[in-house]
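**Student:** A structural model of the following input is requested.
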Amino acid sequence: MAADAGFGVVPLEQVRTMDGLTLFKGLLEGRLPAPPIGRALGMTLAEVERGRIVFVYTPVADHYNPLGSVHGGVAATLLDSVMGCCIHTTLKAGTGYTTVEIKVNYVRAMTDKTGPVRAEGKVINVGSRIATSEGRLVDAAGRLLAHGTTTCLIFPI
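**Tutor:** The predicted structure follows:
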């Protein structure tokens, strides 16, 4: 994300006028503000194309659970984000979505020693009311950390 637009929320009136791919290209290029969740977790948009999106995140000790590894909710949030956003890149202007169901499989723990990770979401299918996608969270060596699937409801906004 470019630093120009900072963090914030793109007004819904503006979002309604853009198709999903245009919205995410604006976020990637820094013409639109990145959502505040990105600042809270330290995740940034790295790649976008129709039906595919990548966020990057570097695990930090501030996100640890009591057992000394990054809380599984962080991995789930990264996967939920990429799996929903890749669907959003396929939607027409005036169309929104929400997660109906998410399934996450944890493979390896993350710590502050893991280094940068990539969360990639890819569309499986987008229908008129229901969409599905999959996500993978991998470390810099390509080792799988977590993966998942989602079902999203599509609706007019």
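**Student:** Provide the secondary structure category for Arg118.
**Tutor:** Here Arg118 is strand, with the state taken from DSSP: H, G, I helix; E, B strand; the rest coil.
**Student:** who's it bridged to?
**Tutor:** For Arg118, the beta-bridge partners are Val56, Val138 (DSSP bridges).
**Student:** How about the lengthiest helix in the chain, which residues are buried there?
**Tutor:** Taking DSSP state H as the criterion, the chain has its longest helix at helix 72-88. Neighbour-count burial for helix 72-88 flags 74-88 (criterion: 16 or more other Cβ atoms under 10 Å). Bear in mind the C-beta positions are built from the backbone N, C-alpha and C, glycine included.
**Student:** on contacts alone, who are the packing partners of that helix?
**Tutor:** For helix 72-88, the elements it packs on are helix 20-28, helix 36-41, strand 52-57, strand 95-106, strand 117-126, strand 130-139, strand 144-156, judged by 3 or more Cβ pairs under 8 Å, 6 or more residues apart in numbering; DSSP states H and E.
**Student:** Please identify the deepest-packed of the ones you listed.
**Tutor:** Across these, averaging neighbours per residue (mean count of other Cβ atoms under 10 Å) puts strand 52-57 on top, at a mean of 22.
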